[in-house]
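Predicted model, plus sequence, below.
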Amino acid sequence: MTAVTTAPELPRKEKEQRKNRRPRTIAEWVLLTLSILGAMAIVFPILLLLLNAFKSPADYANSGPLDLPEKLDFTGIQDFWSRYNFPRALGNSIFISGMVAIIAVIISVLNAFAIGIGRVRGRTWIVLIFLLANLLPQEMLFDPLFRLYDSLGLLSTPWSVILTFVVIQSAFGTYLLASLLGTFPKEILEAAAVDGATKGRTLRSIIVPIMRPTLSVLMVFFFIWTWNEFLLPLAFLNTSDSLTVPLVLEQLNGERQTDTTTLIAGTLISIIPTIIFFLIFQRTLTRGITVGAVK
Amino acid sequence: MTLTKEPQKQARPAEPARIPQRGTNKIGYWLYLIPGILLVTVVIFYPIVRNLRLSLFHWRGGRAEEKWAGLDNWIALFSDEAFLQSFRNIVLVVVAMVIVPTLLGLIIASLLFDVVGRRFSGKLSSFLRATYYLPQILPIAVAGVMFAWILKPNSDGVLNQFLSFLTGNDVEINWLGGQYSTAMASVMVLMIWIQLGYPVVIFMAALQRVDPQLYEAAELDGANWYQRFRQITLPMIQPEVFVVALTTTIASLKVFAPVFILTAGGPSKSTYVPSFYAYMEFIRGTDKGYAATIASAITILVVIVAIIFIRAQNRAERKGEES
């Protein structure tokens, strides 16, 4: 497992020389244009949303989807915001995803500590079991957990979703961290043991601080993954005040009498939190995906 | 790793008192596994066992009695047209979630890395990479609703308006509810749109590992872009291609939300995927035992695919090390 390392930067001069060694050819300009066009095709649907979310229903009906709005109109957005209680859904989503991110990282660290550092007997099997938890199709969990949470009175509370996704996300975290900790420098651990540090102390004061960058990447990942989840929240959260952002939007989409402008505005608003994370964590994210990819 | 191990082995007998006894020490580590194992048992194992068992029964749900069915449910599965159709659709889902994104991802990643990043600007290349990745972090429900809006059936639909504008006639195609071909194609386009960024980002990270001098040497030898791609890029990033293929294949076997939101399985169950079928049977069906059978079948398939992939990967790695 290669940890988060970036290739050493070449000295600037050498870099410049390399880039400018020969002039750019026409073919290269064509390829550049193609890759930009491709990226534009990807963001196009989102731009369409942006263009149409601020139209009044009348304006929307009379104009094409590519026309600019006559004037900025917030009826759709207000409608969605108040009628579907978007702030509550936002709060639910943040609470659920935040709790999952924190608890799942803690569980992953504890598991990985026992597997990667403790090298407990049968660890290969334990890792496989956690991997299975991550691979499992969610419809396998849906009915038994529904009944279980029902009998525990957890249904339609955030804890049903939190509990489930703590396990699913920490399964991935355990798999990743266990192999990272498997290559943790022995000298450091032995030095700690010599100084009389207990296991708990070693974990808290040595391993966690050293692993912090990876742990924060994992936390961001768990947050976004949980935020985007659909099937199990759909099954477990059934009262209107327990819904998450994706569920509210899906509900809006399912209602026939919904104004198209409300729907578009709702979609746009639901995207905004994700885009904010994306901008904040863009560097962390791309680094994190790399961490996940290289075994 | 091997480097750090050696000196310790020699050091250990010399100073036995310093390093705590390994055997007794290990038991303490199990304490750290307790919460994790407890949670996995309740949330993962209990459902697996329960569903596997339920697949051998007929059960109407609720307080009804469970009736022993033996392998009836499993046999019924293979003559159930809706189930078979859902599996035929999985082939198309694999095309849309694995094959097309991986191939396009290879092309786009090497374009962004080789041409845009190296010959133009690194900043532009990372910006474009972020753009391709954007759909990956959108909630899938949001992406689905957005596509549903664009594909609205009447003259209100964005795509229909475009086509009307282009052709001059009134186009009113019912993309999602009209016929199987357009509905399935729409679902596939949504999947490609969502998936594309994942291989792009992973392959670009992989390309950073490749020594640029390899390319320069090949360039000096007169290798063209395609030859360099075939001879250097592909072999070097093969592990990442494996990871992408494995993860996306498993994701496509489990796919649910795009179908649920865009077509709800319609028109007339033709766009069912197994996961959606299991869900519908669990909430609407009269026999939960059958629903459990569908879910179990998908699980078994996912595990088999994972094992095949991991084996193939290990074999490829071993080959790579030998040569």
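Right, received. Where do you want to start? Numbering: from 1, shown residues only, chains lettered A, B, ... in the order given.

which parts of the one helix or strand B:Ser110 maps to are buried?
Secondary structure assignment for B:Ser110, by DSSP states H and E: helix B:100-110. For helix B:100-110, burial by neighbour count (16 or more other C-beta atoms under 10 Å in any protein chain shown) applies to B:Val100, B:Pro101, B:Thr102, B:Leu104, B:Gly105, B:Leu106, B:Ile107, B:Ile108, B:Ala109, B:Ser110. Glycine gets a C-beta too; all of them are placed from N, C-alpha and C.

go on, stretch A:23-40?
Neighbour-count burial for stretch A:23-40, counted by 16+ other C-beta under 10 Å, picks out A:Glu28, A:Leu31, A:Leu32, A:Ser35, A:Gly38, A:Ala39.

In a markdown table, list those along with pLDDT, distance to chain B and secondary structure.
What follows is the buried residues of stretch A:23-40, written out as a markdown table (pLDDT from 0 to 100; distance: C-beta to the nearest C-beta, whole Å; DSSP: H, G, I helix; E, B strand; the rest coil):
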| residue | pLDDT | distance to chain B | secondary structure |
| --- | --- | --- | --- |
| A:Glu28 | 85 | 5 | helix |
| A:Leu31 | 89 | 5 | helix |
| A:Leu32 | 91 | 6 | helix |
| A:Ser35 | 91 | 5 | helix |
| A:Gly38 | 93 | 6 | helix |
| A:Ala39 | 93 | 4 | helix |
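
and the residues you listed as CSV, adding distance to A:Asp79?
As requested, those are exported to CSV (distance: C-beta to C-beta, whole Å):
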residue, distance to A:Asp79
A:Glu28, 49
A:Leu31, 45
A:Leu32, 43
A:Ser35, 39
A:Gly38, 35
A:Ala39, 32
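
quick revisit: now whatever helix or strand comes next after the helix holding B:Ser110, how far from the centre of its chain.
Downstream of helix B:100-110, the first helix or strand assigned by DSSP H and E is helix B:122-137. Its chain's average C-alpha position is 20 Å from that of helix B:122-137, according to C-alpha atoms, centre = their mean, to the nearest Å.

Closest approach to chain B from the stretch 151-295 of chain A, which residue is it?
Nearest residue of the stretch 151-295 of chain A to chain B: A:Pro246, at 3.5 Å (C-beta to the nearest C-beta).

Pretty sure that residue sits against B:Leu138.
No. Counting by C-beta atoms under 8 Å, A:Pro246 does not reach B:Leu138; the two are 9.7 Å apart.

the more surrounded of these two?
A:Pro246 (27 against 24; other C-beta atoms under 10 Å in any protein chain shown).

Identify the residue nearest the more buried one in space, chain neighbours excluded?
Take A:Pro246 and drop its neighbours on the chain: the residue closest to it by C-beta to C-beta, 6 or more residues apart in numbering or on different chains is B:Ala141, 3.5 Å away.

what about B:Phe78, neighbour count?
Under the neighbour criterion other C-beta under 10 Å, B:Phe78 is assigned a count of 9.

Would you quantify the distance from it to A:Leu247?
Distance of B:Phe78 to A:Leu247, computed by C-beta to C-beta, to the nearest Å: 35 Å.

got it, and A:Pro233?
Taken as C-beta to C-beta, the span from A:Pro233 to A:Leu247 is 6 Å.

Which one's more surrounded, the two?
Neighbours per residue, other C-beta under 10 Å: of A:Pro233 and A:Leu247, the larger number sits with A:Pro233, 26 against 22.

how about that one, what does it touch?
A:Ile96, A:Val161, A:Thr244, A:Pro246, A:Leu247 (C-beta atoms under 8 Å, 6 or more residues apart in numbering or on different chains).

Which members of the residues you listed occur in helices, if any?
A:Ile96, A:Val161, A:Pro246, A:Leu247 (DSSP state H).

and the helix ranked longest in chain B, what does it pack onto?
Counting residues, the longest helix found in chain B (DSSP H) is helix B:288-322. Counting contacts by 3 or more C-beta pairs under 8 Å, 6 or more residues apart in numbering or on different chains; DSSP states H and E, helix B:288-322 is packed against helix A:123-135, helix A:139-152, helix B:46-54, strand B:57-58, helix B:72-77, helix B:238-253, helix B:274-283.

Go ahead and name everything in contact with the very next helix or strand once past the fifth one.
Tracing the chain past helix B:72-77, the next element assigned as helix or strand by DSSP H and E is helix B:81-94. Contacts made with helix B:81-94 from outside it, assessed by C-beta under 8 Å, 6+ apart, are listed as B:77-78, B:184, B:187-188, B:191, B:249, B:252-253, B:255, B:269-274, B:276-277, B:294.

Point me to the residue of chain A nearest chain B.
Residue nearest to chain B within chain A: A:Gly118 (2.8 Å; C-beta to the nearest C-beta).

was I right about that residue contacting B:Tyr29?
Yes. Between A:Gly118 and B:Tyr29 there is a contact under C-beta under 8 Å: 2.8 Å.

what is in contact with these two at once?
The contact lists of A:Gly118 and B:Tyr29 share A:Lys199, where a contact means C-beta under 8 Å, 6+ apart.

What residues does the residue of chain B found nearest chain A make contact with?
In chain B, the residue found nearest to chain A is B:Tyr29; the distance is 2.8 Å by C-beta to the nearest C-beta. Residues counted as contacts of B:Tyr29 (C-beta under 8 Å, 6+ apart) are A:Phe113, A:Ala114, A:Ile117, A:Gly118, A:Arg119, A:Val120, A:Lys199.

how about low-confidence regions in chain B?
Low-confidence segments of chain B, defined by pLDDT under 70: B:1-26, B:320-323.

in what helix or strand does the residue of chain B closest to chain A lie?
Short version, using DSSP H and E: B:Tyr29 is in helix B:22-40.

Only alpha carbons, please: show that helix as CSV.
In CSV, the C-alpha atoms belonging to helix B:22-40 read as follows (Å, rounded to 0.1, in the frame of the first residue of the first chain):
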residue,chain,number,x,y,z
ARG,B,22,4.2,-11.7,21.9
GLY,B,23,1.9,-14.5,22.7
THR,B,24,0.3,-13.2,25.8
ASN,B,25,0.3,-9.7,24.5
LYS,B,26,-1.9,-10.5,21.5
ILE,B,27,-5.0,-11.4,23.4
GLY,B,28,-5.3,-7.8,24.5
TYR,B,29,-5.8,-6.8,20.9
TRP,B,30,-9.0,-8.8,20.6
LEU,B,31,-10.6,-6.2,23.0
TYR,B,32,-10.3,-3.6,20.2
LEU,B,33,-12.1,-5.9,17.8
ILE,B,34,-15.2,-6.4,20.0
PRO,B,35,-17.2,-3.3,18.9
GLY,B,36,-16.5,-4.0,15.3
ILE,B,37,-17.3,-7.6,15.4
LEU,B,38,-20.5,-7.1,17.4
LEU,B,39,-21.7,-4.5,14.9
VAL,B,40,-20.9,-6.6,11.9
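
buried set for it?
Residues B:Tyr29, B:Tyr32, B:Leu33, B:Pro35, B:Gly36, B:Ile37, B:Leu39, B:Val40 are the ones in helix B:22-40 that count as buried (16+ other C-beta under 10 Å).

correct me, but the fourth one touches A:Leu110?
Yes. Here B:Pro35 reaches A:Leu110: they are 6.3 Å apart, a contact under C-beta under 8 Å.

Sweet, I'm off.
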